[in-house]
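Enquirer: sharing a sequence plus its predicted fold:
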Amino acid sequence: MPFNKDNAVNYGSKGGKVTKPPGTVRDKQLKINLTPVEFDAISDKAEAFKLSKAELIVRAVSEYDEE
């Protein structure tokens, strides 16, 4: 479920700051080196789908099947 102002109350607070459930917090990093062409392709595709680059990559990986 996306985190927004309508469901924020369900997540509680910590130190006066609204916190997300641990399974939905993106606190890990994956650093990759890309060519300008690859970076532009990812950026263009993400913009076309109205997604962040991270969300586009996560969705692509989850749909990837080698078979």
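Expert: Thanks, I have it.

Enquirer: which parts of stretch 32-52 are buried?
Expert: Residues of stretch 32-52 classed as buried: 42, 46 (neighbour count, 16 or more other C-beta atoms under 10 Å). The C-beta positions use only the backbone N, C-alpha and C, and glycine is treated the same way.

Enquirer: so which residues make contact with that stretch?
Expert: The contact list for stretch 32-52 (C-beta atoms under 8 Å, 6 or more residues apart in numbering) reads 53, 55-57, 59.

Enquirer: same check, this time on stretch 56-67
Expert: Stretch 56-67 is contacted from outside by 42, 45-46, 49, 51, using C-beta under 8 Å, 6+ apart.

Enquirer: name the SS class of Ile57, please.
Expert: With DSSP: H, G, I helix; E, B strand; the rest coil as the basis, Ile57 sits in helix.

Enquirer: near it, how many other residues are there?
Expert: By the criterion of other C-beta atoms under 10 Å, Ile57 has 16 neighbours.

Enquirer: quick check: it vs Asp40, distance?
Expert: As judged by C-beta to C-beta, to the nearest Å, Ile57 and Asp40 stand 15 Å apart.
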